[in-house]
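Q: Make a model of this:
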Amino acid sequence: MKKITKTIVAGTLAFISVIGAGAAKTEFNAVAEDPVADVITVVSPANKSVVSADNEFIADFFENYTPDYSSKFYGLGENLPMNGTKLEWTSEGAKYYIVYVDSSADFSSAEKYTTVKPELTLDYLIPNVDYFWKVKVVKDSGEQTFSRVYNFKMQAYVRSIKIDGVSNVRDLGGSVTSDGKTVKYGIVYRSAQLEGVTEKGKLQAKRLGIKTDLDLRGEFDELSPLGESVKRINYSAPWYVDEKNGDENTGLNGDQKYVQAFKEEMKTCADPANYPMIFHCSIGRDRTGTLAAMLLAVCGVERADIIREYELSWFSEIACNNPHIKISAITKLCNFIESQDGADFKEKATNFCLSIGVTQNEIESIRSILLG
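A: Numbering: from 1, shown residues only. Model (predicted):
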């Protein structure tokens with residue numbers, strides 16, 4: 001695996017080179033486990049602290065949630081992305097700093113950042129994971145000294161992601177199933193259309209490791225806007241249930257071409273080679289929300305939590321351009337799942353998928369990928 005080396009210039013993140021993991025490990029192994037001096041004074045976060053990355057809108061939503069509570073925030077713009085976690089310290093006589101960050105205390109897979117300021121803002125962190133960090137202080141004389149190791153835990157209700165030029169982006173991870181398992185972070189993302197992605201956004205997507213662009217809008221260019229290295233798969237996906245578009249029923253229970261397209265979506269999601277994956281339609285709410293709901297349902301996430309996850313789209317600017325489609329649509333989809341045979345919501349969703357041609361092995365593969 002390769003490591004991405006980055007530099008911070010006047011607080012702006014930029015990719016500068018790629019080095020082999022072996023070279024990075026050599027440097028880590030050469031560092032004494034107990035530095036002889038603490039060459040920095042930490043300003044924030046305090047060592048062993050818990051840092052919340054939720055913005056005020058998302059925090060309010062989760063702390064005071066009742067069904068359709070998201071309507072309070074409807075149309076207020078792009079208020080989904082979580083806050084970055086800012087590391088700050090002071091040090092005397094430094095020319096620049098190299099910051100090491102890892103979820104492992106031995107820094108065996110650390111990311112390395114270079115900054116001329118005594119601060120660093122970290123994005124993309126995983127909720128409820130302990131992060132360890134240390135700073136190499138490089139002085140004008142060339143002397144290099146490591147700080148002690150510090151750690152913190154980032155806390156967030158939802159891992160919403162910044163991909164520049166793309167709206168309504170979030171990690172599908174974090175939901176808890178009826179049997180106590182948690183959908184893994186960093187595996188699958190949902191979003192609005194990708195065509196507006198900037199060069200900065202492409203780098204952000206690359207850092208997330210996205211391999212597959214699952215486009216639910218039908219026939220589009222074979223090349224993903226994220227770049228040639230990202231595989232693009234297109235399906236003309238269904239919208240919820242009982243959706244009419246002219247003479248067509250484009251719902252999940254509608255015309256066979258949409259039902260079969262949904263079967264292919266689920267089969268695509270059953271292939272571990274496609275991950276990490278991002279799936280999307282135009283605004284990342286309807287066709288995207290239908291697939292997200294079914295993936296969560298077959299994993300065992302309860303109906304109420306699926307509806308709440310769906311409501312997060314109202315914190316994005318793009319998803320508020322169709323005010324007549326709100327919580328009633330996802331409620332109707334959940335009612336459709338409830339109408340299937342089965343002992344509980346998970347079994348009912350599974351039985352529907354089996355009825356349209358998704359195999360039990362493919363369902364088990366989806367669970368293995370998303371739940372571990």
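
Q: Measure how buried Ser224 is and give me the count.
A: Using other C-beta atoms under 10 Å, the number of residues around Ser224 comes to 23. For every residue, glycine as well, the C-beta is placed using N, CA and C.

Q: Quick check, it in contact with Ile233.
A: No - proximity of Ser224 to Ile233 does not meet the contact threshold set by C-beta atoms under 8 Å, at 9.3 Å.

Q: So for these two, which residues contact both of them?
A: Common contacts of Ser224 and Ile233 (C-beta atoms under 8 Å, 6 or more residues apart in numbering): 213, 215.

Q: so for the longest strand belonging to the chain, what's the average pLDDT?
A: Determined from DSSP state E, the single longest strand within the chain is strand 129-139. The average of the pLDDT scores along strand 129-139 is 97.

Q: In the sheet, which strands lie alongside it, parallel or antiparallel?
A: For strand 129-139, the paired strands and their directions (DSSP bridges) read strand 94-102 (antiparallel), strand 144-146 (antiparallel), strand 150-155 (antiparallel).

Q: mind saving the C-alpha coords of that strand as CSV?
A: Extracted in CSV, the C-alpha atoms of strand 129-139 (Å, rounded to 0.1, in the frame of the first residue of the first chain):
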residue,chain,number,x,y,z
VAL,A,129,-11.8,5.9,16.7
ASP,A,130,-8.7,6.7,18.8
TYR,A,131,-6.3,8.9,16.8
PHE,A,132,-2.7,9.3,17.7
TRP,A,133,-0.5,12.2,16.6
LYS,A,134,3.0,13.5,17.1
VAL,A,135,5.0,16.4,15.6
LYS,A,136,8.5,16.4,14.3
VAL,A,137,9.9,19.9,14.8
VAL,A,138,12.5,20.9,12.2
LYS,A,139,14.6,24.0,13.1
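
Q: Mind listing residues that contact that strand?
A: If you take C-beta under 8 Å, 6+ apart as the criterion, strand 129-139 is touched by 35, 39-40, 87, 89, 91, 93-105, 107, 122, 125, 144-154.

Q: Report the buried residues of that strand.
A: The neighbour-count check on strand 129-139 (16 or more other C-beta atoms under 10 Å) flags 131-138 as buried.

Q: ditto for stretch 189-196
A: Neighbour-count burial for stretch 189-196, counted by 16+ other C-beta under 10 Å, picks out 189-194.

Q: Which pair of the residues you listed spans the longest distance?
A: Tyr189 and Gln193 (13.5 Å; C-beta to C-beta).
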